[in-house]
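Visitor: my questions concern the predicted model and sequence given below.
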Amino acid sequence: MAPSFDFSNRWVKETQKGTPVVVTMENPTFSVVEINGADAAFRPVEKTRGKNAKQVTWFLFLKAYHAIGFVTWFATVMWSLLGAIRKRLILREGVALESEKLEKGKVLFRVIKMFLVSSLVVLVFEVLAYLQGWHFGNPSLHIPRTADLEGLMHLVYVAWLRFRGEYIAPPIKALSKFCVVLFLIQSLDRMVLCFGCFWIKYKKIKPKIDGDPIKVDDIEGSAFSHPMVLVQIPMCNEREVYEQSISAVCQIDWPRDHLLIQVLDDSDDESIQRLIKTEVTKWSQKGINIIYRHRLVRTGYKAGNLKSAMSCDYVKGYEFVAIFDADFQPNPDFLKQTVPYFKDNPELGLVQARWAFVNKDENLLTRLQNINLCFHFEVEQQVNGAFLNFFGFNGTAGVWRIKALEESGGWLERTTVEDMDIAVRAHLNGWKFIFVNDVKVLCEVPESYEAYRKQQHRWHSGPMQLFRVCLPAILRSKISAWKKGNLILLFFLLRKLILPFYSFTLFCIILPLTMFVPEAELPLWVICYVPVFMSFLNILPAPKSFPFIVPYLLFENTMSVTKFNAMISGLFQLGSSYEWIVTKKAGRSSESDLVAAAEMEAKSVIEQEQQKTHRGACDSVLVESNQCKEHKETSGTTVKKANKIYKKELTLAFLLLTASVRSLLSAQGVHFYYLLFQGVTFLLVGLDLIGEQMS
């Protein structure tokens, strides 16, 4: 007989010790407790013993409260999302024609739309098959015989399974394996770069200055200590940032007779031209050697602007040129921290400083950009500069030896990445580069998704243009074979072509397709483990951004659509690869800049009071400046344009959400969550709900 585990009878049969006591409480809120003996109250409580009714009630109330709170939160989020969609659709009426013109003829959008329509058809078909109770989505499923088929629909379903397994799955498997291999190679490259950055930190490797550096307090040094430096500020319709940029450059601590500032204005707005010209005149009145240049025809964009400025006769007497874009604000000691590296180093052609961002915490979009750019400077450029003496010039916040520019062919107008172009040609001519991670220059990152999208399109289409143009020159150059391999395989192919290709193809196309073709299912480590680990490495240079690691991973996959489209347009010389749109800026300044500007303004007022002989001229300049500022304020109050709707991102959002429904039916947990969150991310980006919100 099986042993009995019911001990209640034994407790009853036990001899009772002591006198039974009944304790009754008059307060009705307390329960009645009966003690059957003196030692009965001290018996150990059984773990399997249930809770009393009051505890169970409170527990159920707590669970219900949490459930109601979650449902309320989810309903609020969905209601806000639906409201935002409705708002975007209403505002869509004013910009529909413009967006249709932009999207018309885009091949990528048509391909994504084709995948979406096909996935919807297959989803409906397989849901019907699922409701019929047929086998659903097993790659090794047994195909029934013709005699076992249950009608026409079952026959069609089995034919689809055979066609899927024999004709659709093999090419998807081959493409997915190819993309996974590229993914692993690119991940290995990232790991090597991170190890190199760790080695630099561990060994404290920094570029060294040969000879005695220029002292910061040596204002009026000799001509030998302070070479002739030209500073260029190229700009085009930079209404928001021109003033702070010119002000910061004019306060650079360098002998005035060895410094010349060129404000290279390509603006086509006459009011902005007057504002910039007035600002230049104001600083010229203070004794700053500054020149205003304006081109009537904006050919070659920034490259043409710089090329035109370098052709001036007065530039021939200068040895170095520092370049700052219109939103950059260098510190007064910038030249004294960068120019000394050229001393006794005739092979050095470029000293590149790091960027720092005044608006990195403005919104989620700027935080995610800060993660990417911190990795670019802290890891990519620092490692390549320390071990290869080569990296891509960032187009600003750098000092060039003018001789290196001239021997490398100068600025060319053949691509939209003139900075990378001159860097590659200088590297092929044997010039070395230095990246100074300790020298930072304040600037801005785009705050709206529209501006960021256009910037990324130019940054990813230009390198492919340049690769087509300069590949023969790389192959014919006299540099070593491993440097040629680094340029072709790593600098161009792996980091500029392969990265956007596999990111878009693998995570935006193949992954949702595998939900409808389970024979080609991707392994879990490709979907989850490796991407999270790579995101962890990317976020290491910006440790304060660790809470944003999941949004960063999802947003990078979302941006792969824009980067892939740009890469294709640049590689095949499509029309959009020649677009150059100036990135919209907000004109933000840091608190230290505002304090310095206030002190500078007070100092200028004192100087104006002391120099009474020039008061008339100064007053006229101030009056004109005030008039221009009033015009700036009135013109700056224009109504903002409405946020756009991005068709490719929205179409991919519905494709991923459709695939998530399919994965839910086949009980694929991790795939479902990834596709769901990635689809929601595409939806938010497609509705332009990330970054600065417009009217």
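Guide: Looks like it came in fine.
Visitor: so residue 361 sits in a helix?
Guide: No - going by DSSP: H, G, I helix; E, B strand; the rest coil, the assignment for residue 361 is coil, not a helix.
Visitor: let me see the contact set for it.
Guide: Going by CB atoms under 8 Å, 6 or more residues apart in numbering, residue 361 touches residue 367. C-betas here are computed from N, CA, C, even on glycine.
Visitor: 51 is where my numbering starts, stick with that
Guide: Taking 51 as the first residue, the last one we looked at is residue 411.
Visitor: give me the distance between it and residue 487.
Guide: Residue 411 sits 21 Å away from residue 487, going by CB to CB, to the nearest Å.
Visitor: also residue 478?
Guide: Here residue 478 is placed at a distance of 25 Å from residue 487 (CB to CB).
Visitor: which of those two has more neighbours?
Guide: Just comparing residue 478 and residue 487: by other CB atoms under 10 Å the higher neighbour count belongs to residue 478, 21 against 18.
Visitor: please name the residues that touch that one.
Guide: Shown in contact with residue 478 (CB under 8 Å, 6+ apart): 458, 523, 524, 527, 529.
Visitor: same thing but 10 Å
Guide: Contact analysis of residue 478 by CB atoms under 10 Å, 6 or more residues apart in numbering lists 440, 458-459, 520, 523-524, 526-529, 533-534, 537.
Visitor: same check on residue 312?
Guide: 280-284, 299, 330, 340-343, 355-356, 359-360, 362, 364-365, 371, 373.
Visitor: which among the residues you listed count as buried?
Guide: Neighbour counting by 16 or more other CB atoms under 10 Å classes 280-284, 299, 330, 340, 342-343, 355-356, 359-360, 365, 371, 373 among the contacts of residue 312 as buried.
Visitor: and the contacts of residue 478, which of them are buried?
Guide: Among the contacts of residue 478, those buried by neighbour count (16+ other CB under 10 Å) are 440, 458, 520, 524, 527, 533, 537.
Visitor: can you tell me which of the residues you listed lies nearest to residue 293?
Guide: residue 458 (33.4 Å; CB to CB).
Visitor: okay, the closest one: pLDDT?
Guide: Per-residue confidence at residue 458 stands at 95 (pLDDT).
Visitor: you'd agree residue 169 is up against residue 565?
Guide: Yes - in this structure residue 169 lies within contact range of residue 565 using CB atoms under 10 Å: 8.2 Å.
Visitor: overlap in contacts, these two.
Guide: Counting by CB under 10 Å, 6+ apart, the common neighbours of residue 169 and residue 565 are 706, 708, 709, 711, 712.
Visitor: looking at those residues, which are in strands?
Guide: Per DSSP state E, strands hold no members of the shared contacts of residue 169 and residue 565.
Visitor: and which of the contacts of residue 478 is nearest residue 119?
Guide: For the contacts of residue 478, the nearest to residue 119 is residue 440 (56.0 Å; CB to CB).
Visitor: now the phi/psi pair for the closest one, please.
Guide: Main-chain torsions, residue 440, degrees, to the nearest 10: phi -150, psi 140.
Visitor: tell me who's in contact with it.
Guide: Contacts of residue 440 by CB under 10 Å, 6+ apart are 400, 431, 434, 473-474, 476-478, 481-483, 485, 529, 533, 536-537, 541.
Visitor: redo that, cut-off 8 Å
Guide: Neighbouring residues of residue 440 by CB under 8 Å, 6+ apart: 434, 473, 477, 482, 483, 533, 536.
Visitor: neighbours around the second one, how many?
Guide: By the other CB under 10 Å criterion, the neighbourhood of residue 473 contains 27 residues.
Visitor: could you look up the SS state of it?
Guide: Put simply, residue 473 is helix when judged by three-state DSSP.
Visitor: quick one: it from residue 450, how far?
Guide: Using CB to CB, we find residue 473 at a distance of 10 Å from residue 450.
Visitor: about what we covered before: tell me which two in the buried ones among the contacts of residue 478 are the farthest apart.
Guide: Put simply, by CB to CB the two of those set farthest apart are 458 and 533, 15.5 Å from each other.
Visitor: was I right about residue 459 contacting residue 475?
Guide: Yes - counting by CB atoms under 8 Å, residue 459 does reach residue 475; the two are 5.6 Å apart.
Visitor: among the contacts of residue 440, name the ones in helices.
Guide: When DSSP state H is applied, the contacts of residue 440 are split such that 434, 473, 477, 533 fall in helices.
Visitor: so where do the strands sit in the protein?
Guide: Under DSSP E, the chain gives strands at 71-73, 83-85, 279-285, 309-315, 340-344, 370-373, 398-407, 448-451, 482-493.
Visitor: got the angle for the third one vs strand 340-344?
Guide: Here the directions of strand 279-285 and strand 340-344 differ by 40 degrees (axes from the mean of the first three to the mean of the last three CA atoms, to 10 degrees).
Visitor: average pLDDT across strand 279-285?
Guide: What strand 279-285 shows for mean pLDDT is 96.
Visitor: now swap in the fifth one and tell me
Guide: In this model, strand 340-344 has a mean pLDDT of 95.
Visitor: and that strand, C-alpha only, in PDB?
Guide: This file holds the C-alpha atoms of strand 340-344, laid out as PDB (Å, rounded to 0.1, in the frame of the first residue of the first chain):
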ATOM      1  CA  ILE A 340      39.200  89.400 -41.400                       C
ATOM      2  CA  ILE A 341      37.900  89.300 -45.000                       C
ATOM      3  CA  TYR A 342      34.400  88.700 -46.300                       C
ATOM      4  CA  ARG A 343      34.100  86.800 -49.600                       C
ATOM      5  CA  HIS A 344      30.900  86.100 -51.500                       C
END
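Visitor: just to revisit the earlier point, export the shared contacts of residue 169 and residue 565 to a markdown table and tack on pLDDT?
Guide: A markdown table is the format used below for the shared contacts of residue 169 and residue 565 (pLDDT from 0 to 100):
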| residue | pLDDT |
| --- | --- |
| 706 | 91 |
| 708 | 88 |
| 709 | 87 |
| 711 | 85 |
| 712 | 83 |
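Visitor: so what's the residue count around residue 472?
Guide: When neighbours are counted by other CB under 10 Å, residue 472 registers 25.
Visitor: how about residue 545?
Guide: Count around residue 545 with other CB under 10 Å applied: 18.
Visitor: what does residue 397 give?
Guide: Residue 397 has 10 neighbouring residues, counting by other CB under 10 Å.
Visitor: pLDDT value on it, please?
Guide: According to the prediction, residue 397 has pLDDT 95.
Visitor: which residues touch it?
Guide: Residues near residue 397 by CB under 8 Å, 6+ apart: 480, 481, 482.
Visitor: which residues of the stretch 501-650 of the chain score low on pLDDT?
Guide: For the stretch 501-650 of the chain, the stretches with pLDDT under 70 are 625-627, 629-630, 637-650.
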